[in-house]
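In: pasting a predicted model and its sequence here:
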Amino acid sequence: MSQSAHPQAVNVSRTIERLVTGQATSDGAGVKLSRILTQDLQHRLDPFLMLDAFGSDKPDDYIAGFPDHPHRGFETVTYMIAGRMLHRDSAGNEGLLQNGGVQWMTAGQGVIHSEIPQQADGVMEGFQLWLNLHSSEKMNAPWYRDFQNAQLPQFQTPEGVTVTVIAGSSHGVQGAVSREITQPIFLDLHLPQGARFEQKIPEGHNAFVYVYRGEARIAGQAVPQQRMAILKNTPQADGVVIEASAKAKLILVGGKPLKEPIVQYGPFVMNSKEEIYQALADFRDGRLGERA
């Protein structure tokens with residue numbers, strides 16, 4: 001592993017508030033996916049707006065990809081577990097996302113982009129997380145960065161848990177991305193059977209776990225495969241303790257809530273209806289995503 005970690009003890013673990021099953025849907029040009037964090041959970045899991053999981057070895061489920069579409073007012077984090085996806089956007093960025101890589105894009109005032117699979121067969125699997133922006137940042141200039149897997153900080157605990165730190169920090173290891181206002185934590189955890197992992201989470205942060213392989217346990221409660229566990233915001237809890245009764249792979253996501261109005265219309269997320277009308281007008285008139 002690329003970095004050495006410092007032990008991180010959690011005194012009181014958060015417990016599970018509820019388990020959530022994803023909703024089967026499709027997006028883009030018919031890409032089949034599971035929407036785990038849906039619009040009705042946006043206030044509960046503020047600053048996170050959406051989490052999609054996609055995974056298939058059937059090309060018909062993904063081959064058409066996500067042709068040109070706009071965004072404004074938030075950030076997208078795409079984590080590819082398997083497969084290859086080409087990103088192009090109106091700011092002139094282009095990047096090939098490959099196995100284990102992350103694309104972090106701040107839409108800000110507006111970007112038009114496409115995400116097209118670069119494979120005709122095989123497995124295509126990954127996640128897309130939408131992270132809200134504070135009202136003071138929603139009209140900032142767009143920003144984009146590709147991280148190949150080797151560029152992502154990783155470490156292994158003495159119990160053999162492999163940790164990829166996409167955002168935030170874990171056990172003294174700083175992630176690839178940090179954000180001052182939302183303070184996101186985004187970890188990919190691979191736990192061997194019988195292993196235990198502890199992660200500090202600041203009080204007041206909203207957090208969840210999604211198990212994509214195997215099964216995990218949090219405070220004695222099982223989290224089956226393809227389930228999201230929303231973690232309780234218990235004042236005395238200083239983190240979460242995750243145990244794997246069998247081999248497990250999961251993502252742990254947390255962040256500081258913005259506590260601002262959330263007004264979403266498709267790919268636009270702002271603080272008021274008026275700002276949404278402006279986004280629609282800018283998109284219609286060709287102003288959204290134009291280069292400065």
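Out: Received the coordinates, thanks. Because the structure is predicted, anything quoted here is derived from the model rather than measured.
In: can you pull out the strands in the stretch 1-150 of the chain?
Out: Read by DSSP state E, counting those that start in this stretch, the stretch 1-150 of the chain holds these strands, from start to end of the chain: 16-21, 23-27, 31-37, 48-56, 66-71, 74-82, 85-89, 94-97, 102-106, 111-117, 124-132, 143-147.
In: who does the last one touch, helix- and strand-wise?
Out: I take that to be strand 143-147. strand 85-89, strand 94-97, strand 102-106 (3 or more C-beta pairs under 8 Å, 6 or more residues apart in numbering; DSSP states H and E). Glycine gets a C-beta too; all of them are placed from N, C-alpha and C.
In: indicate which one of those is closest to Ala120.
Out: Ala120 lies closest to strand 85-89 among the helices and strands packed on strand 143-147, at 13.3 Å (C-beta to C-beta).
In: the closest one vs strand 143-147, what angle?
Out: Between strand 85-89 and strand 143-147, the angle comes out at 160 degrees (axes from the mean of the first three to the mean of the last three C-alpha atoms, to 10 degrees).
In: buried ones in strand 85-89?
Out: For strand 85-89, a neighbour-count test (16 or more other C-beta atoms under 10 Å) marks Met85, His87, Asp89 as buried.
In: can you give me the pLDDT of the residue positioned nearest the centre of the chain?
Out: Taking C-alpha atoms, centre = their mean, the centroid of the chain lies closest to Leu129, which sits 3.1 Å from it. Looking at Leu129, its pLDDT stands at 98.
In: partner residues bridging it?
Out: Leu51, Val77 (DSSP bridges).
In: hang on, isn't it packed against Ala53?
Out: No - look at Leu129 against Ala53 with C-beta atoms under 8 Å: they stay out of range, at 10.0 Å.
In: as CSV, the helices and strands packed on strand 143-147 with distance to Thr38 would be great.
Out: Formatted as CSV, the helices and strands packed on strand 143-147 follow (distance: least, C-beta to C-beta, whole Å):
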stretch, distance to Thr38
strand 85-89, 23
strand 94-97, 24
strand 102-106, 21
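In: ok, back up a step: okay, the strands of the stretch 1-150 of the chain in TSV with distance to Ala281 next?
Out: Below are the strands of the stretch 1-150 of the chain laid out as TSV (distance: least, C-beta to C-beta, whole Å):
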stretch	distance to Ala281
strand 16-21	35
strand 23-27	24
strand 31-37	28
strand 48-56	22
strand 66-71	12
strand 74-82	19
strand 85-89	21
strand 94-97	28
strand 102-106	22
strand 111-117	15
strand 124-132	22
strand 143-147	24
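In: Lys249 is nearest to which of those?
Out: Among the strands of the stretch 1-150 of the chain, strand 74-82 comes nearest to Lys249, with 8.6 Å by C-beta to C-beta.
In: in this structure, where is pLDDT below threshold?
Out: Within the chain, the ranges that satisfy pLDDT under 70 run 1-4, 290-292.
In: helices of that one, residue ranges please.
Out: Secondary structure of the chain (DSSP state H): helices located at 273-284.
In: follow-up on the earlier one: contacting residues around the residue nearest to the centre of the chain?
Out: Applying C-beta atoms under 8 Å, 6 or more residues apart in numbering, we find Leu129 in contact with Leu37, Phe48, Met50, Leu51, Thr76, Val77, Thr78, Tyr79, Phe186, Val253.
In: one more time with 10 Å
Out: 36-37, 48-52, 75-79, 104, 166-167, 184, 186, 210, 251, 253, 255 (C-beta atoms under 10 Å, 6 or more residues apart in numbering).
In: same check on Ile230?
Out: 14, 16-20, 37, 41, 44-45, 206-209.
In: for Ser178, find the nearest of the strands of the stretch 1-150 of the chain.
Out: strand 102-106 (10.9 Å).
In: can you give me the angle that closest one makes with strand 66-71?
Out: Relative orientation of strand 102-106 versus strand 66-71 (the same axes, to 10 degrees): 40 degrees.
In: quick one: strands adjacent to strand 102-106?
Out: If you go by DSSP bridges, strand 102-106 pairs up with strand 74-82 (antiparallel), strand 143-147 (antiparallel).
In: gap between the nearest residue to Thr38 once chain neighbours are set aside and Ile181?
Out: Nearest residue to Thr38 in three dimensions, chain neighbours excluded: Gln23, at 6.3 Å (C-beta to C-beta, 6 or more residues apart in numbering). Separation of Gln23 from Ile181 (C-beta to C-beta, to the nearest Å) stands at 29 Å.
In: how deep is Ser114 tucked in, by neighbour count?
Out: Counted with other C-beta atoms under 10 Å, the neighbours of Ser114 add up to 18.
In: wait, doesn't it sit right on His69?
Out: Yes - using C-beta atoms under 10 Å, Ser114 makes contact with His69 at a distance of 7.3 Å.
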